[in-house]
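Asks: Fold the following for me, if possible:
(one chain, ligands or ions: 1)
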Amino acid sequence: MTLKIYGIGASRAVRPLWAALELGVPFEHIPMPYTGGATRSPEFLTINPNGHSPALIDERPEGAVTVWESMACALYIARVHGQADGQSITPASPREEAEALRWSFWTVSELESDALTVLMHRMAMPEDQRKPELADKAESRLKVPLAVLDKHLKAQQARGEAYLAANRFTVADVCVASVASWVRPAAALLAQYPAVSVWLKLCVDRPAQAQARRMK
Ligand SMILES: N[C@@H](CCC(=O)N[C@@H](CS)C(=O)NCC(=O)O)C(=O)O
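Replies: Alright, predicted model coming up:
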């Protein structure tokens, strides 16, 4: 094995795990929970000094490459371990590369924080700790990025392309859908963006997504 991916499927590690599974790349999964201090151990801090999962180590003939930041990990796997053949999740043209980059950065800056608030305060946290008012505010702010995403997906559909970057599932979809799926507990909000809803279902129904999510 040359590629090691640290982190569990029920975390941001789903992004590199999902990308690797889509490509059929052999990898070693290091099951690293994000609770209990494992990501803050001295050993793991030498891999990711930020103390977060995921991270990956790619043992290569020219030396080991370490990547952290979940979006970077997924984009790296697609670029370095995939074939730019127009069939796989790897971007196969400058336009596809641009879509993957811009939507991944967009997700981190425009979507992730409020999507996480929705997930935590509508579903993930114990009911007595949830603060619905925080979820309400996050949902209200999410109308802006969700409208941007919906408009892009409608334009993609108009040109015969069902996914974010192409007429096939790419790493751009891994990066964005892994976060957009956190908004699903806000079903009424999501229903206002039909192109997002249809695309998101296509993405999360993929077997590799379910397989990645199950990795403990
Ligand atoms: N921006 C980082 C965030 C990483 C992050 O916050 N990871 C969480 C798990 S989803 C974690 O490791 N939490 C444990 C900790 O920070 O100690 C990324 O996308 O990789």
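
Asks: Contact partners for H29?
Replies: By CB atoms under 8 Å, 6 or more residues apart in numbering, the contact list for H29 reads 4-5, 17, 215. (Glycine included, C-beta is placed from N, CA and C.)

Asks: quick one, domains of the protein?
Replies: 3-87, 94-211 (automatic domain parsing).

Asks: Now distance to the ligand and mean pLDDT too, for those, in a markdown table please.
Replies: Formatted as a markdown table, the domains of the chain follow (distance: least, CB to the nearest ligand atom, whole Å; pLDDT from 0 to 100):
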| stretch | distance to the ligand | mean pLDDT |
| --- | --- | --- |
| domain 3-87 | 3 | 97 |
| domain 94-211 | 7 | 98 |
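
Asks: Spell out the residue ranges of the helices in the protein.
Replies: Using DSSP state H, the helices of the chain run over 14-23, 42-47, 70-81, 94-106, 112-119, 132-158, 171-180, 187-190, 194-204, 207-213.

Asks: Redo those helices as TSV? Include mean neighbour count and distance to D58.
Replies: Formatted as TSV, those follow (neighbours: other CB atoms under 10 Å; distance: least, CB to CB, whole Å):
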stretch	mean neighbour count	distance to D58
helix 14-23	27	11
helix 42-47	12	12
helix 70-81	23	7
helix 94-106	18	19
helix 112-119	20	25
helix 132-158	16	31
helix 171-180	28	16
helix 187-190	14	36
helix 194-204	18	25
helix 207-213	17	18
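
Asks: between those helices, which gets nearest to G36?
Replies: helix 42-47 (11.9 Å; CB to CB).

Asks: Identify the residues contacting the closest one?
Replies: Outside helix 42-47, the residues within contact range by CB under 8 Å, 6+ apart are 6, 32, 38, 51, 55, 57, 66, 68.

Asks: Now do the contacts for the second one.
Replies: This points to M32. M32 touches 6-8, 13, 38-39, 44, 53-54, counting by CB under 8 Å, 6+ apart.

Asks: Pull out the buried residues from the contacts of helix 42-47.
Replies: 6, 32, 38, 55, 57, 68 (16 or more other CB atoms under 10 Å).

Asks: Between which two of the residues you listed is the distance greatest?
Replies: Spatially, the most separated pair among those is A38 and I57, at 15.8 Å (CB to CB).

Asks: Neighbours of V67, how many?
Replies: With neighbours defined by other CB atoms under 10 Å, the count for V67 comes to 21.

Asks: wait, doesn't it sit right on N48?
Replies: No. Applying CB atoms under 8 Å, one finds V67 not in contact with N48, separated by 9.2 Å.

Asks: what's the overlap in contacts for those two?
Replies: Between them, V67 and N48 share the contacting residues A55, judged by CB under 8 Å, 6+ apart.

Asks: for M125, phi and psi?
Replies: phi -80, psi 150 (degrees, to the nearest 10).

Asks: any idea how far it lies from W182?
Replies: 13 Å (CB to CB, to the nearest Å).

Asks: repeat for A188
Replies: Taking CB to CB, one finds A188 at 15 Å from W182.

Asks: do D85 as well
Replies: From D85 to W182 the distance is 31 Å (CB to CB).

Asks: Those two: which has the busier surroundings?
Replies: Neighbours were counted for D85 and for W182 using other CB under 10 Å; W182 has more, 20 against 8.
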